[in-house]
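**Student:** A structural model of the following input is requested.
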Amino acid sequence: MTATAPFPLTWLYVPGDRPHIVAKALCSGADVVVIDLEDAVAPDRKEYARSATTELLSEPPPVPVHVRINAVDSPLAAADLAAVAHRPGLAGLRVPKVTAPEQIVRVALATDPATAWARPGAARAAHALGPGPPLYALLETALAIERAHAIASAHPSLCGVSIGEADLRADLGVRQDSGLDWCRARVVVAARAAGLPPPAQSVHPDIRDLEGLAASCAHGRALGFLGRAAIHPRQLPIIERAYLPTDRELEEAETIIKAATTDRGAQALPDGRFVDAAVVAAARRTLALARRR
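**Tutor:** Model prediction:
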């Protein structure tokens, strides 16, 4: 399977029933391409989308590819998992409409050949296929937000959580964007508490509103998100620029790391800021992220 690059910042969604668009997305510069078998595909195109995606993933693509399956409890999800879970080009599965940790456990068991020990020849098949794919849960309802930490810590195969804001906004009846900030912060905390990477922001639906996208990314970064999902290539550079450290942030991080090379423990910088282990850890994350440049 294709490994996801460290610190992915851009996740470009494309409909699974449009192979020509998927091909363009693979050359778009996105860190991860997410082939959507769910909301972006009409009911009468689901089978074709699944077939086209299965064929595409027969070989590792040039960038990591995730697949968003259909709603986790639907019959379509089972067919999606059976078709794509162990294709060589799959880097991850995005599991939508998650409301309980048991759903993640069920998907993990269904996609890990090692758990099928009772089937004849299962041990040989498990060795050939390798472990199950990394899973990413999408939290899209009030109930999912309430159970965010339980879901985030449900299974070792789960590598990330994020919010599906369109569905969540409809579920809550939220009219103002700021009405979702409490939910956003809760998921950021749940991911951290479960030892997962910071969540990526949900999509900005207006592909023409690049100024609004930049402002929204700045707000998301302040809340603790890292990177963002996109629905059009023109959004990618805006997202990446918003989440990469600025020159000033990079300079500050280098100053902190330099000060931390001494063995004097916690200390103050010349500008009065206090430096301790937590500040140093944050500075190292900044420098690691800056290497993307």
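**Student:** just for the stretch 101-250 of the chain, where's the confidence low?
**Tutor:** 113-130 (pLDDT under 70).
**Student:** in which helix or strand would I find residue 169?
**Tutor:** helix 165-172 (DSSP states H and E).
**Student:** how far away is residue 212 from residue 66?
**Tutor:** 26 Å (Cβ to Cβ, to the nearest Å). Every C-beta, even on glycine, is put in place using the N, C-alpha and C of the backbone.
**Student:** Sorry, wrong one. I was asking about residue 138.
**Tutor:** 11 Å.
**Student:** what about the strands in this structure?
**Tutor:** Ranges of strands in the chain, per DSSP state E, are 10-15, 32-36, 65-68, 90-98, 135-139, 158-163, 228-230, 267-268, 274-275.
**Student:** can you put those in TSV and add mean neighbour count and distance to residue 170?
**Tutor:** Formatted as TSV, the strands of the chain follow (neighbours: other Cβ atoms under 10 Å; distance: least, Cβ to Cβ, whole Å):
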stretch	mean neighbour count	distance to residue 170
strand 10-15	24	18
strand 32-36	26	18
strand 65-68	26	18
strand 90-98	25	13
strand 135-139	27	14
strand 158-163	23	13
strand 228-230	26	18
strand 267-268	11	49
strand 274-275	14	44
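**Student:** Specify the stretch among these that is closest to residue 175.
**Tutor:** strand 158-163 (17.1 Å; Cβ to Cβ).
**Student:** Which neighbouring elements make contact with the closest one?
**Tutor:** strand 135-139, helix 148-152, helix 181-193 (3 or more Cβ pairs under 8 Å, 6 or more residues apart in numbering; DSSP states H and E).
**Student:** rerun that using 10 Å as the cut-off
**Tutor:** Packing partners of strand 158-163 (3 or more Cβ pairs under 10 Å, 6 or more residues apart in numbering; DSSP states H and E): strand 90-98, helix 101-111, strand 135-139, helix 142-146, helix 148-152, helix 181-193, strand 228-230.
**Student:** I'd like to know which of these is closest to residue 256.
**Tutor:** Comparing the helices and strands packed on strand 158-163 by Cβ to Cβ, helix 181-193 comes nearest, at 20.8 Å.
**Student:** Flag every buried residue along the closest one.
**Tutor:** Across helix 181-193, burial judged by 16 or more other Cβ atoms under 10 Å covers 183-184, 186-188, 190-191.
**Student:** could I have it exported to CSV, CA atoms only?
**Tutor:** Taking C-alpha atoms only, helix 181-193 is exported to CSV below (Å, rounded to 0.1, in the frame of the first residue of the first chain):
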residue,chain,number,x,y,z
ASP,A,181,-16.4,25.9,17.0
TRP,A,182,-17.3,24.0,20.2
CYS,A,183,-17.6,20.8,18.2
ARG,A,184,-14.4,21.5,16.3
ALA,A,185,-12.5,22.1,19.5
ARG,A,186,-13.9,18.9,21.1
VAL,A,187,-12.7,16.8,18.2
VAL,A,188,-9.2,18.4,18.3
VAL,A,189,-9.0,17.5,22.0
ALA,A,190,-10.3,14.0,21.4
ALA,A,191,-7.7,13.3,18.7
ARG,A,192,-4.9,14.5,20.9
ALA,A,193,-6.2,12.6,23.9
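**Student:** Quick check: buried residues in stretch 151-159?
**Tutor:** By neighbour count with 16+ other Cβ under 10 Å, stretch 151-159 contains the buried residues 151-155, 157-158.
**Student:** what's the closest of those to residue 56?
**Tutor:** residue 157 (22.6 Å).
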